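A.B. asks: my questions concern the predicted model and sequence given below.
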Amino acid sequence: MSSSPRPSTPETLRRGAPRPKTLRPRQLRPKTLRAKLIAGQIAVLLALSVGTGLVAVLALHGFLTHDLDRQVGEMAQPPVGQRARGINARITGGAAEGTIELPGTRTQPMTEHQLRQLTGLSPGNHTVDMGEKGSFRVNVSRSQVKGLPSGPVDELVWRMVWLLVALTAAGVAVAALAGQRIVRRALVPLDRVADTAARVAALPLHEGEVALAERVPETDPDTEVGKVGLALNRMLGHIGDALKARHDSETRVRRFVADASHELRTPLAAIRGYAELTRRSGEELPPQVAHAMGRVESEAVRMTALVADMLLLARLDDGRPLERAEVDLTRLVLDVVGDARISAPDHHWRIAVPEEPVHVTGDVQRLHQVLGNLLSNARTHTPPGTTVTTGLSVHNGQVELTVTDDGPGIPEGLEVFERFARGDSSRSRAAGSTGLGLAIVAAVVGAHDGQVSVQSVPGQTTFTVSLRV
């Protein structure tokens with residue numbers, strides 16, 4: 001059983017059927033300032049031309065009609081020996097009779113239709129349509145009608161109209177071309193302001209120290225563009241001062257973190273040493289003391305790792321160069337995943353690498369740390385039994401290292417590459433997470449001129465590291 005398709009209705013169109021695209025009047029309006037100025041100039045010129053032409057045509061028509069009326073009046077008393085050519089009619093008792101004679105034609109009696117056009121007219125000058133003979137300008141008196149053809153007048157007026165139309169079109173075209181050049185030259189200072197703003201917008205204002213030396217050259221306070229340039233220069237000066245203050249503050253914080261991390265390593269090593277010495281002394285300690293010393297040692301180990309991570313981030317922020325050598329990423333993946341299998345046997349670890357070895361140029365220790373942190377993140381934030389797949393591929397001169405798990409996913413809105421970011425604080429702290437693992441990944445990958453990204457939905461989370469071959 002088949003059914004014919006239902007006709008489209010407004011309801012079906014609202015539910016998803018594509019609507020036909022139409023150009024709205026607002027879409028046809030000029031958008032740029034240059035186009036608006038030229039369009040306004042053309043509109044003013046066109047309005048002036050049309051108005052002037054209309055007045056001229058009406059004046060010419062009035063003048064020619066007045067002159068034609070004068071000639072019709074002279075027909076009532078033609079010179080001796082001449083016949084009045086045109087309409088000659090008499091009206092007697094409401095009935096009219098007469099003849100029409102045009103230049104180059106014979107005198108012809110008027111038809112009934114033509115005579116009806118003349119009867120009933122009030123005394124004075126009128127324009128009447130005489131059918132195939134055309135329009136006539138007639139003068140009606142009590143018993144006499146005289147008239148001349150108004151065709152020459154109409155023809156001259158229409159010639160004037162078409163001449164004005166041609167002159168207006170030519171004037172608008174010339175004004176458009178000249179106006180375009182004039183407006184372009186007038187807007188050159190504004191273009192320079194826009195170019196300066198574009199160059200400032202292209203600067204990496206969020207990275208390190210930025211020398212904001214860009215300024216607008218047009219600063220004449222007597223011009224509108226100069227006022228904009230002065231205001232923009234003042235704004236750029238304030239932004240430059242703010243960026244310098246921010247950079248100085250970040251530099252002091254990074255120096256403090258680096259110095260503090262460096263200084264903390266010695267006392268932490270001493271704490272771990274004394275804790276191990278107490279545990280290995282051979283003397284039997286009370287259970288509570290043994291538990292306390294064990295906790296001291298474990299927390300010292302965790303704090304040592306945190307200090308090492310903070311010191312590494314401080315060095316990367318300071319722009320210290322990494323080692324550059326050829327790194328076998330295939331071998332690196334096999335080694336790190338093998339370590340993960342031993343440390344977390346309750347997860348399923350899989351590898352997907354090409355048959356040919358993949359090599360990049362970089363710091364092998366830091367790249368090892370990148371993959372280790374990604375696998376540690378997957379192990380920490382997924383339940384036992386989760387499958388974690390490490391992939392390696394080459395596309396268009398880029399090496400992509402991926403770590404994918406089928407765990408619960410990343411909470412929406414969590415910036416995982418921010419420092420000290422945690423999706424579940426209680427689980428992270430219980431597992432010994434510092435919240436710096438993925439921040440180190442982003443910093444190390446950035447130091448290798450690469451990119452790292454994440455895509456996560458419930459049931460699949462993929463971290464992708466892109467590096468140059």
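C.D. replies: Cool, got the structure.

A.B. asks: which residues in the stretch 51-200 of the chain form helices?
C.D. replies: 112-118, 151-186, 188-202 (DSSP state H, counting those that start in this stretch).

A.B. asks: SS state for the residue nearest to residue 364 when sequence neighbours are not counted?
C.D. replies: Closest residue to residue 364 apart from its sequence neighbours, by Cβ to Cβ, 6 or more residues apart in numbering: residue 327 at 4.7 Å. C-beta: built from backbone N, CA, C; applies to glycine. Secondary structure, DSSP: H, G, I helix; E, B strand; the rest coil: residue 327 is strand.

A.B. asks: separation between residue 327 and residue 315?
C.D. replies: Distance of residue 327 to residue 315, computed by Cβ to Cβ, to the nearest Å: 19 Å.

A.B. asks: same check, this time on residue 173
C.D. replies: The gap separating residue 173 from residue 315 is 68 Å, by Cβ to Cβ.

A.B. asks: how about the strand or helix carrying residue 349: buried residues?
C.D. replies: Assessed by DSSP states H and E, residue 349 sits inside strand 348-352. Neighbour-count burial for strand 348-352, counted by 16 or more other Cβ atoms under 10 Å, picks out residue 349.

A.B. asks: and whichever helix in the chain runs longest, what other elements does it pack with?
C.D. replies: Counting residues, the longest helix in the chain under DSSP state H turns out to be helix 224-280. Applying 3 or more Cβ pairs under 8 Å, 6 or more residues apart in numbering; DSSP states H and E, one finds that helix 224-280 makes contact with helix 188-202, helix 287-317.

A.B. asks: can you put the ones you listed in CSV and add mean pLDDT and distance to residue 243?
C.D. replies: Shown next, in CSV, are those (pLDDT from 0 to 100; distance: least, Cβ to Cβ, whole Å):
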stretch, mean pLDDT, distance to residue 243
helix 188-202, 83, 11
helix 287-317, 82, 16
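
A.B. asks: those: which one's closest to residue 276?
C.D. replies: Nearest to residue 276, of all the helices and strands packed on helix 224-280, is helix 287-317, at 6.5 Å by Cβ to Cβ.

A.B. asks: neighbours around residue 227, how many?
C.D. replies: By other Cβ atoms under 10 Å, the residues close to residue 227 number 14.

A.B. asks: where in the stretch 1-150 of the chain is pLDDT low?
C.D. replies: For the stretch 1-150 of the chain, the stretches flagged by pLDDT under 70 are 1-30, 76-84, 93-94, 104.

A.B. asks: show me the strands in it, by range?
C.D. replies: Using DSSP state E, counting those that start in this stretch, the strands assigned to the stretch 1-150 of the chain run over residues 87-92, 95-100, 108-109, 124-129, 135-140, 144-149.

A.B. asks: what sits up against the third one?
C.D. replies: With Cβ atoms under 8 Å, 6 or more residues apart in numbering as the test, strand 108-109 has contacts from 97-101.

A.B. asks: now do 7 Å
C.D. replies: Residues outside strand 108-109 that contact it (Cβ atoms under 7 Å, 6 or more residues apart in numbering): 99-100.

A.B. asks: what number of residues lie near residue 234?
C.D. replies: 10.

A.B. asks: where does it land on pLDDT?
C.D. replies: Looking at residue 234, its pLDDT is 88.

A.B. asks: just the one 10 residues further on next, same as before
C.D. replies: For residue 244, the model assigns a pLDDT of 82.

A.B. asks: now it: how far from residue 237?
C.D. replies: 11 Å.

A.B. asks: which residues of the stretch 301-450 of the chain fall in helices?
C.D. replies: 329-343, 364-380, 425-430, 437-447.

A.B. asks: looking at those, which has the lowest confidence?
C.D. replies: When I compare these, helix 425-430 is least confident, with a mean of 44.

A.B. asks: from the helices of the stretch 51-200 of the chain, which stretch is densest packed?
C.D. replies: Of all the helices of the stretch 51-200 of the chain, helix 112-118 has the most neighbours on average by mean count of other Cβ atoms under 10 Å, namely a mean of 16.

A.B. asks: by contact count, what packs against that one?
C.D. replies: In terms of contacts (3 or more Cβ pairs under 7 Å, 6 or more residues apart in numbering; DSSP states H and E), helix 112-118 is packed against strand 95-100, strand 124-129.

A.B. asks: ok, which of these comes nearest residue 278?
C.D. replies: strand 124-129 (126.5 Å).

A.B. asks: partners of the closest one in the sheet?
C.D. replies: Sheet pairing for strand 124-129, assigned by DSSP bridges, gives strand 135-140 (antiparallel).

A.B. asks: contacts for the strand it pairs with next, please.
C.D. replies: Under Cβ under 7 Å, 6+ apart, the answer for strand 135-140 is 65, 68-69, 72-73, 87, 121-130, 145-151, 154.

A.B. asks: please apply the same query to stretch 263-276.
C.D. replies: Stretch 263-276 has contacts (Cβ under 7 Å, 6+ apart) with 293, 296-297, 300-301, 303-304, 307.

A.B. asks: could the helices and strands packed on helix 224-280 go into TSV alongside distance to residue 419?
C.D. replies: Shown next, in TSV, are the helices and strands packed on helix 224-280 (distance: least, Cβ to Cβ, whole Å):
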stretch	distance to residue 419
helix 188-202	27
helix 287-317	7
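
A.B. asks: and residue 464, what are its bridge partners?
C.D. replies: residue 402, residue 453.

A.B. asks: same check on the one 4 residues further on?
C.D. replies: Taking DSSP bridges as the rule, residue 468 bridges to residue 398.

A.B. asks: isn't it up against residue 451?
C.D. replies: No: look at residue 468 against residue 451 with Cβ atoms under 7 Å: they stay out of range, at 10.3 Å.

A.B. asks: give the contact list for the nearest residue to residue 375 once chain neighbours are set aside.
C.D. replies: Distances taken as Cβ to Cβ, 6+ apart put residue 340 closest to residue 375, at 4.6 Å, once the chain neighbours are dropped. Going by Cβ under 7 Å, 6+ apart, residue 340 touches 349, 375, 379.

A.B. asks: and the first one, how close does it get to residue 50?
C.D. replies: Relative to residue 50, residue 349 is positioned 82 Å away (criterion: Cβ to Cβ).

A.B. asks: neighbours of residue 225, how many?
C.D. replies: Neighbour tally, residue 225, other Cβ under 10 Å: 19.

A.B. asks: go on, residue 86?
C.D. replies: Neighbour count of residue 86, defined by other Cβ under 10 Å: 20.
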